[in-house]
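Asks: structure, please.
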Amino acid sequence: MRKAQRAVREAREVLSKAAVKRAPVDIYRIAEQYADIIEESMPDDISGMLIPLEDPHREKKWAIIVNKTHSEVRRRFTAAHELGHLLLHDYRTPHADTGFKIRFRANREYDASVAEEVEANQFAAEVLMPSHLLMKRTSELDIEYVDADKSHERAIDALAREFKVSKQALQIRLTEFI
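Replies: Below you'll find the predicted structure:
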């Protein structure tokens, strides 16, 4: 199964368990079922981290750390992205996501890392902008395409606010199915 399909399937299971019926998705409430959520100040190039908790008596074994200096929409995406890593990838050590990465060599480890990041992004997009809710709203707003002449700009801005995501994330998501 393609990794994107696996990410979407897992995201839909999470949404179903959380009984999500409308936007915006309360990602913190959902993520707190799987990990402790901690907002901390971090260097601007670090969006979030997934940290194993050492106390064996804790119910939750992981903490999702989100950079509290980032915008609300960025923090929401980071929380969803890190939850994707937690549910999809078998991490045993801390994992940090930076806003920009430079890789100097191509190898299997790099390829796996890139694939995991793409998969976590797919998971986050489906959790924050569930396709069934987004398709319903684009139909109601008569958005049939993301256009260069910006004729739908107001509707896209409104949708981004409704789903509490960045306009850029929404536009990327819309290109997947409209």
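Asks: switch to C-alpha atoms for all contacts and neighbour counts from now on
Replies: OK.
Asks: got phi/psi on residue 66?
Replies: Reported as degrees, to the nearest 10, the phi and psi values for residue 66 are phi -120, psi 140.
Asks: if you could redo that for residue 170, that was the one I meant.
Replies: Backbone geometry at residue 170, expressed as degrees, to the nearest 10, gives phi -60, psi -40.
Asks: residues in contact with the residue most central in space within the chain?
Replies: When C-alpha atoms, centre = their mean is applied to the chain, the residue found nearest the centroid is residue 124 (2.2 Å). Residue 124 makes contact with 11, 77, 78, 80, 81, 83, 84 under the criterion C-alpha atoms under 8 Å, 6 or more residues apart in numbering.
Asks: now the two most distant members of those.
Replies: Pairwise distances among these were taken by C-alpha to C-alpha; the largest, 14.6 Å, belongs to 11 and 78.
Asks: so residue 34: helix, strand or coil?
Replies: Under DSSP: H, G, I helix; E, B strand; the rest coil, the three-state class of residue 34 is coil.
Asks: my guess is it meets residue 59, correct?
Replies: No: between residue 34 and residue 59 there is no contact under C-alpha atoms under 8 Å: 9.2 Å.
Asks: how near is residue 159 to residue 80?
Replies: 18 Å (C-alpha to C-alpha, to the nearest Å).
Asks: now do the buried residues in stretch 134-143.
Replies: Buried residues in stretch 134-143, counted by 16 or more other C-alpha atoms under 10 Å: 134, 135, 138, 143.
Asks: quick revisit: who has more neighbours out of residue 159 and residue 80?
Replies: Legend: neighbour count by other C-alpha atoms under 10 Å for residue 159 and residue 80, higher for residue 80 (27 against 22).
Asks: re earlier: closest to residue 50 among the contacts of residue 124?
Replies: residue 83 (8.3 Å).
Asks: now the nearest residue to that closest one once chain neighbours are set aside, what are its backbone angles?
Replies: Nearest-residue entry for residue 83: residue 31, 6.3 Å, with adjacent residues in sequence omitted and distances by C-alpha to C-alpha, 6 or more residues apart in numbering. Dihedral pair for residue 31: phi -60, psi -30, per degrees, to the nearest 10.
Asks: you'd agree residue 31 is up against residue 38?
Replies: No: the criterion here is C-alpha under 8 Å, and residue 31 misses it with residue 38 at 10.9 Å.
Asks: hmm, back to that, save the buried residues of stretch 134-143 as CSV, and put in distance to residue 115, secondary structure and pLDDT too.
Replies: Output for the buried residues of stretch 134-143, formatted as CSV (distance: C-alpha to C-alpha, whole Å; DSSP: H, G, I helix; E, B strand; the rest coil; pLDDT from 0 to 100):
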residue, distance to residue 115, secondary structure, pLDDT
134, 25, helix, 94
135, 26, helix, 92
138, 29, helix, 89
143, 31, coil, 79
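Asks: good, wrapping up.
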